[in-house]
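>>> Need a 3D model of the sequence below.
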Amino acid sequence: MFRNKEVKYGCAAYIGVGIFCGSAVFAESTKAFLWFVSFFVAGLLIFLAGNAVRYRKIASLSLYLKRVLNGERQLDIPDNAEGELSILRNDIYKLVTKLESQAELLLADKAYLVDSLSDISHQLKTPMTSMMVMTDILRDERLPIKKREEFVRAIRSQLKRMEWLLTSLLKMSKLDAGTIQFKRESISLRALVAMATEHLLIPMELKEQTFTVEIPENQRIVCDSHWTAEAIANIVKNCMEHTPEAGTISIYSETRGIYTQLVVEDNGEGIAPEDLPHIFERFYKGRNAGKDSVGIGLAMAKYILAIQSGQIEVESEPGVGSRFILRLYHLVV
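A predicted model of the protein is given here:
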């Protein structure tokens, strides 16, 4: 306690004033001097006792913080009494509780990062292994020209798949890091869907699929056109891949109060009931997933819409088809 300057200076000042006043009282009356000495000593003891209690509480808080720094958890110092030290104790407890919550979130993020890196490694390892095998075979000079062309096409296909995966992962990492500023611009919904599906028209034509869009010309929404088109494209691409040749894919819109609803339907193979709760999870591949699927397109679509306060739901029946429902709100409630 006496390490603190305020205590030393306070005692020194108190004693100095006491000696000065005691000398004056002693000159007047010995009895009055004895009373003065009694009150003086009592006051000094009260001052020292009060500071001792105060600094004992401060030492307790210091010990508590040291235990926290040493990694102890489940520490509790609630104090419902009045006073500044009680307020300080409660504030420290709130801070420590918040730091513990943040530490738990960091551990969860680290575990998620490890799982993600493992998934990414697996996704890249498979095509790389395949290409290494094919390049070894291509070194054989006796390999027929047709086989060479077949292997070259296969390698090119795997490279395209890896390029798409790395591009998608880069986009997801930017979204996760929050480095992308989403714009709020008014755009024709029909033009947005046309922009999103332009690059999918030829693959759908090759599969002889019927693609229809029923959206009013004057219907507009407010969103980031680039990223929202990315989300719509991923959903339509998923429908195209799971719809057989000569199948149908249709898109139509509805305005319902505070949001515009965009519906993407297909008459494909549908989604198994056990897969439905997980299809928007990153790297999840259901039982009907294609061999080139990496399970990132639908996850990205949901994330893009969520950042813009939008929603996405899916309804599906195996053997009948799937129905994706996108809700883009006119205002945030």
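>>> where exactly do the helices run in the stretch 51-200 of the chain?
Assigned by DSSP state H, counting those that start in this stretch, the helices in the stretch 51-200 of the chain fall at 84-138, 145-177, 189-197.
>>> So which elements touch the last one?
Meaning helix 189-197. The contact analysis (3 or more C-beta pairs under 8 Å, 6 or more residues apart in numbering; DSSP states H and E) places helix 189-197 against strand 210-214, strand 220-223, helix 225-241, strand 248-256, strand 259-266. C-beta here means a position set from N, CA and C on the backbone, and glycine is covered the same way.
>>> which stretch among those comes nearest residue 146?
Comparison of the helices and strands packed on helix 189-197 against residue 146 by C-beta to C-beta identifies helix 225-241 as nearest, at 28.2 Å.
>>> Now do the contacts for residue 218.
residue 188 (C-beta atoms under 8 Å, 6 or more residues apart in numbering).
>>> What pLDDT is listed against it?
Looking at residue 218, its pLDDT stands at 89.
>>> any idea what it is structurally, helix, strand or coil?
coil (DSSP: H, G, I helix; E, B strand; the rest coil).
>>> State the phi and psi torsions of it.
When read as degrees, to the nearest 10, the backbone of residue 218 gives phi -90, psi 10.
>>> which residues of the stretch 151-300 of the chain score low on pLDDT?
288-294 (pLDDT under 70).
>>> same thing with the stretch 1-150 of the chain?
Scanning the stretch 1-150 of the chain for pLDDT under 70 picks out 1-48, 50-51, 73-83, 85, 112-113, 115-116, 119, 122-123.
>>> residues near residue 295, how many?
18 (other C-beta atoms under 10 Å).
>>> Now do the contacts for it.
Contact partners of residue 295, counting by C-beta under 8 Å, 6+ apart, are 281, 282, 283, 284, 285, 289.
>>> Pick the most buried one from the helices of the stretch 51-200 of the chain.
Mean neighbour count (mean count of other C-beta atoms under 10 Å) peaks for helix 189-197 among the helices of the stretch 51-200 of the chain, with a mean of 20.
>>> need the helices of the stretch 51-200 of the chain in a markdown table with distance to residue 277, can you?
Below are the helices of the stretch 51-200 of the chain laid out as a markdown table (distance: least, C-beta to C-beta, whole Å):
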| stretch | distance to residue 277 |
| --- | --- |
| helix 84-138 | 18 |
| helix 145-177 | 21 |
| helix 189-197 | 26 |
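>>> Reformat the helices and strands packed on helix 189-197 as a markdown table; add mean neighbour count.
Output for these, formatted as a markdown table (neighbours: other C-beta atoms under 10 Å):
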| stretch | mean neighbour count |
| --- | --- |
| strand 210-214 | 13 |
| strand 220-223 | 20 |
| helix 225-241 | 21 |
| strand 248-256 | 16 |
| strand 259-266 | 20 |
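>>> quick one: which of these is nearest residue 67?
helix 225-241 (47.1 Å).
>>> can you give me the offset of the closest one from its chain's centre?
Here helix 225-241 is found 22 Å from its chain centre; the criterion is C-alpha atoms, centre = their mean, to the nearest Å.
>>> how far away is the residue sitting nearest the centre point of the chain from residue 326?
Geometric centre of the chain, nearest residue: residue 176, 6.5 Å, by C-alpha atoms, centre = their mean. Between residue 176 and residue 326 the computed distance is 21 Å (C-beta to C-beta, to the nearest Å).
>>> follow-up on the earlier one: among the helices and strands packed on helix 189-197, which is nearest residue 69?
Per C-beta to C-beta, nearest to residue 69 of the helices and strands packed on helix 189-197: helix 225-241, 43.0 Å.
>>> same for that closest one, what does it pack against?
Judged by 3+ C-beta pairs under 8 Å, 6+ apart, the packing partners of helix 225-241 are helix 189-197, strand 248-256, strand 259-266, helix 297-307, strand 321-329.
>>> Kindly calculate the angle that the third one makes with strand 210-214.
This points to strand 259-266. Put simply, strand 259-266 runs at 170 degrees to strand 210-214, going by axes from the mean of the first three to the mean of the last three C-alpha atoms, to 10 degrees.
>>> Going by contacts, tell me the helices and strands next to strand 259-266.
Using 3+ C-beta pairs under 8 Å, 6+ apart: strand 259-266 touches helix 189-197, helix 225-241, strand 248-256, strand 321-329.
>>> now swap in the second one and tell me
Taking 3+ C-beta pairs under 8 Å, 6+ apart as contact, the helices and strands that strand 248-256 lies on are helix 189-197, strand 210-214, helix 225-241, strand 259-266.
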